[in-house]
Every structure is written in structure tokens, then in C-alpha cells.
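*Asks:* got a structure for you, letters missing:
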């Protein structure tokens, strides 16, 4: 089937009518679209797989890096991209 992919990071986006390639860059999930309107039906999928191959060759397709907390009570908030500490004063 044209709309199926063996790679979970290359997916068909039905709403945008195109293929999207996902990878992590600077701790953020990044996506690049390959719309059918721009590339054509067959070429959009080919371009998406070629782009993913380029990411692999550049070493950018690894899993998201795990950030270890430096001490108890401190954690990294991926959404805000910063360290957070929760504490209470006076009880």
C-alpha cells in the first residue's frame, strides 16, 4: 500500500496530504513535510525516504537523548527546555 511505511519516523499525513519525516534535533522533535502537491504522488514518498537516508548518513536519526537529573528534586522539562526545581517555603 502506498500510504504504509516500514519506518515509524516516516509517516503519511492525511490532513496535509503528504509524507512527513520526524527526527530529534536539539532535544526537540522536528518534522519536514513532503507534500504531494509539490512533489507529485510517487516522488513525495521517494523524497521523504531519501531525506531520511541523508539524516542517517549525518548521524541525526538516533533516539532522543536522556537527560539525567543532577540531584533529587531537580528535573529537566523538555517542553520548556530548562531545569526545574519544586520547593516549598515555611512548610
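*Replies:* All right, it came through fine. It should be emphasised that the depicted structure is a prediction, and the values quoted were computed from it without experimental measurement.
*Asks:* Return the list of strands paired to the worst-scoring helix or strand of the chain on mean pLDDT, each annotated with direction.
*Replies:* For the chain, scoring each helix and strand by mean pLDDT, DSSP states H and E identifies strand 74-77 as the least confident one, at a mean of 86. In the sheet, strand 74-77 lines up against strand 82-85 (antiparallel) (DSSP bridges).
*Asks:* Name the residues that touch the partner strand?
*Replies:* With CB atoms under 8 Å, 6 or more residues apart in numbering as the test, strand 82-85 has contacts from 73-77. The way it works is simple: take the backbone N, C-alpha and C, and place the C-beta from them, glycine included.
*Asks:* Let me know the average pLDDT across that strand.
*Replies:* Averaged across strand 82-85, the pLDDT comes to 88.
*Asks:* now do stretch 37-52
*Replies:* On average, stretch 37-52 scores 96.
*Asks:* And that stretch, what's buried?
*Replies:* Of all the residues in stretch 37-52, those buried under the rule 16 or more other CB atoms under 10 Å are 39, 44-45, 47-49, 51-52.
*Asks:* returning to that earlier point: now, which of the contacts of strand 82-85 sits nearest residue 14?
*Replies:* residue 77 (31.5 Å; CB to CB).
*Asks:* bridging residues for that closest one?
*Replies:* With DSSP bridges as the rule, residue 77 is bridged to residue 82.
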